[in-house]
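> curious how this folds, go ahead:
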Amino acid sequence: MFVRTSTRRNRDGSKVSYLQLAHNEWDPTAKTARTKVLYSFGRADQLDRPAIERLIAALTRVVGVEPAAVGPDRARAVGVPGLEFVESRPGSP
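Reported below is the predicted structural model:
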C-alpha cells in the first residue's frame, strides 16, 4: 500500500492535488499490476489532518507498532510475531 498523489490542472491554469490510499494488484490476464484506489482522502489542501492522525494511531495499535516521538524512524515494531523489517525506501518528492 502507498499514498498516491494525483494532480490535475484547472482551466485557469491552477493545479489541484488529491491524496489516495492505493494498492497494486496483479492482473493475471493482462500480466501486469493494476493500481486499485482503496480510499480517497480528498484534496491535499483541504485534508482533515487530525482525522488522519487518529487513523494512523488506530492502525499502529492494531499492528502492534509503537509511535516514536522524534526522528526518521517514526514507529518501531513491538512484539509483532511473524513480521520482520526488510527495507525502507524514501518517498516521492
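
> give me the number of residues near the closest residue to residue 35 other than its chain neighbours?
Leaving aside its sequence neighbours, residue 35 sits nearest to residue 22 (Cβ to Cβ, 6 or more residues apart in numbering; 5.2 Å). Quick note: C-beta positions are derived from backbone N, CA and C, even for glycine. The tally of other residues near residue 22 (other Cβ atoms under 10 Å) stands at 17.

> so which residues of the protein form strands?
Per DSSP state E, the chain carries strands over the ranges 2-9, 15-27, 32-43, 65-67, 75-77.

> now render the ones you listed as a markdown table, adding mean pLDDT and distance to residue 89.
A markdown table is the format used below for the strands of the chain (pLDDT from 0 to 100; distance: least, Cβ to Cβ, whole Å):
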| stretch | mean pLDDT | distance to residue 89 |
| --- | --- | --- |
| strand 2-9 | 91 | 10 |
| strand 15-27 | 92 | 14 |
| strand 32-43 | 92 | 17 |
| strand 65-67 | 64 | 18 |
| strand 75-77 | 53 | 16 |
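
> adding distance to residue 50, write the ones you listed out as a markdown table.
Converted to a markdown table, those look like this (distance: least, Cβ to Cβ, whole Å):
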| stretch | distance to residue 50 |
| --- | --- |
| strand 2-9 | 17 |
| strand 15-27 | 15 |
| strand 32-43 | 13 |
| strand 65-67 | 15 |
| strand 75-77 | 19 |
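
> quick check, central residue of the chain?
Geometric centre of the chain, nearest residue: residue 3, 3.3 Å, by Cα atoms, centre = their mean.

> if we can go back for a sec, go ahead and confirm the residue nearest to residue 35 touches residue 4.
Yes: contact criterion Cβ atoms under 8 Å: residue 22 and residue 4 qualify, at 4.4 Å.
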